[in-house]
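Asker: no letters, just coordinates:
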């Protein structure tokens with residue numbers, strides 16, 4: 001049974017593609033697949049954009065993705081210092097120093113990590129001295 005469809009509506013497009021039993025052309029299939037792919041990519045982009053909301057969320061995500069990266073841990077600690085969470089930062093700096101000592105860590109990453117760790121420890125020490133906290 002062939003239905004009549006309102007001209008210019010989505011229903012008409014549906015009728016043209018599916019309801020009348022016509023075979024779908026190659027170009028139409030390519031367009032449909034491309035629209036689906038770009039739709040999925042758009043959703044993923046929106047979800048991933050939240051990672052870049054702040055340095056804290058960015059480095060937290062980096063540590064989740066690479067838990068054995070000493071540089072990611074050190075940079076996350078630096079972001080925690082900037083956010084005022086000194087206790088968590090101090091713990092993470094120690095973890096970054098421990099991770100940097102591992103044999104799989106390249107020399108450049110070890111050096112960069114130790115530089116960030118040293119700067120972070122100095123900042124924490126200054127903050128504690130200024131606030132009178134042991």
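Answerer: Thanks, I have it. It should be emphasised that the depicted structure is a prediction, and the values quoted were computed from it without experimental measurement.

Asker: tell me how this protein divides into domains.
Answerer: Using automatic domain parsing, the domains assigned to the chain come out as 10-50, 54-131.

Asker: low-confidence stretches in the chain?
Answerer: 1-8, 10-24 (pLDDT under 70).

Asker: ok, for the most centrally placed residue in the chain, nearest residue in space, not its chain neighbours?
Answerer: Among the residues of the chain, the one closest to the centroid is residue 51, at 4.2 Å (CA atoms, centre = their mean). Spatial nearest neighbour of residue 51, chain neighbours left out: residue 61 (4.6 Å); criterion: CB to CB, 6 or more residues apart in numbering. Using the backbone N, CA and C atoms, a C-beta is placed for each residue, glycine as well.

Asker: how much space between that neighbour and residue 53?
Answerer: Separation of residue 61 from residue 53 (CB to CB, to the nearest Å): 10 Å.

Asker: higher neighbour count, those two?
Answerer: Higher neighbour count among residue 61 and residue 53: residue 61, with 17 against 10, using other CB atoms under 10 Å.

Asker: host element of the more buried one?
Answerer: helix 55-65 (DSSP states H and E).

Asker: contacts for the very next helix or strand once past that helix, please.
Answerer: Note on helix 55-65: by DSSP H and E, the next helix or strand toward the C-terminus is helix 70-83. Helix 70-83 has contacts (CB atoms under 8 Å, 6 or more residues apart in numbering) with 54-56, 58-60, 62-63, 65-66, 86, 88-90, 92-93, 95-100, 102, 105, 109-110, 112-113, 116-117, 119-120, 123-124, 127.

Asker: mind listing what's buried in helix 70-83?
Answerer: 70-81 (16 or more other CB atoms under 10 Å).

Asker: JSON lines for the residues you listed, including distance to residue 39?
Answerer: Shown next, in JSON lines, are the buried residues of helix 70-83 (distance: CB to CB, whole Å):
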{"residue": "70", "distance to residue 39": "39"}
{"residue": "71", "distance to residue 39": "35"}
{"residue": "72", "distance to residue 39": "32"}
{"residue": "73", "distance to residue 39": "36"}
{"residue": "74", "distance to residue 39": "38"}
{"residue": "75", "distance to residue 39": "34"}
{"residue": "76", "distance to residue 39": "33"}
{"residue": "77", "distance to residue 39": "38"}
{"residue": "78", "distance to residue 39": "37"}
{"residue": "79", "distance to residue 39": "33"}
{"residue": "80", "distance to residue 39": "37"}
{"residue": "81", "distance to residue 39": "40"}
